[in-house]
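Colleague: I'd like to go over a predicted model; first the sequence, then the structure.
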Amino acid sequence: MVRPQEMPEAKETIMTTAEQLRQEGRQEGRQEGRQEGRQEGRQEGRQEGIIALLEYRFGPLSDEHLARIKAATNEQLDRYAALASSVETLSAMFADS
């Protein structure tokens, strides 16, 4: 049982523990945010590379083609990246996707 004269020390320990837990939570949140940001950055870079190559080969892309690339999953981006330099037409690029 905590005696009244020990209350300030117990309160201080609880506050220190709570502060430590909050700090750990913030730190984990920042790390997760950085990881998500890096992943999104890599995906955007891949999208931009595919768009640049396709525009070099075929000229400006339609809003529909741009939207499809921007909405693509990683697997679809892999496919687009593999096809971008060799596909004969944009229609062929987006067939079966």
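Modeller: Cool, got the structure.
Colleague: where does the protein have its least confident helix or strand?
Modeller: Least confident helix or strand of the chain, by mean pLDDT, DSSP states H and E, is helix 7-58 with a mean of 82.
Colleague: Kindly spell out which helices and strands sit in contact with that one.
Modeller: Counting contacts by 3 or more Cβ pairs under 8 Å, 6 or more residues apart in numbering; DSSP states H and E, helix 7-58 packs against helix 63-70, helix 74-83, helix 90-93. For the C-beta atoms, the positions are set from N, CA and C on the backbone; glycine is no exception.
Colleague: E36 versus the nearest residue to I69 once chain neighbours are set aside, what's the distance?
Modeller: With sequence-adjacent residues excluded and distances taken as Cβ to Cβ, 6 or more residues apart in numbering, I69 is closest to Q47, at 5.3 Å. Remark: distance between Q47 and E36 (Cβ to Cβ, to the nearest Å) = 16 Å.
Colleague: Same drill for the two, tell me which one is more crowded.
Modeller: Ranked by neighbour count (other Cβ atoms under 10 Å), Q47 and E36 place Q47 first, with 18 against 10.
Colleague: tell me, how many neighbours does S91 end up with?
Modeller: 9.
Colleague: just to revisit the earlier point, could you check the angle the least confident helix or strand of the chain makes with helix 74-83?
Modeller: 30 degrees (axes from the mean of the first three to the mean of the last three Cα atoms, to 10 degrees).
Colleague: In CSV, list the helices and strands packed on helix 7-58 along with distance to Q31 and mean pLDDT.
Modeller: What follows is the helices and strands packed on helix 7-58, written out as CSV (distance: least, Cβ to Cβ, whole Å; pLDDT from 0 to 100):
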stretch, distance to Q31, mean pLDDT
helix 63-70, 27, 96
helix 74-83, 22, 94
helix 90-93, 37, 90
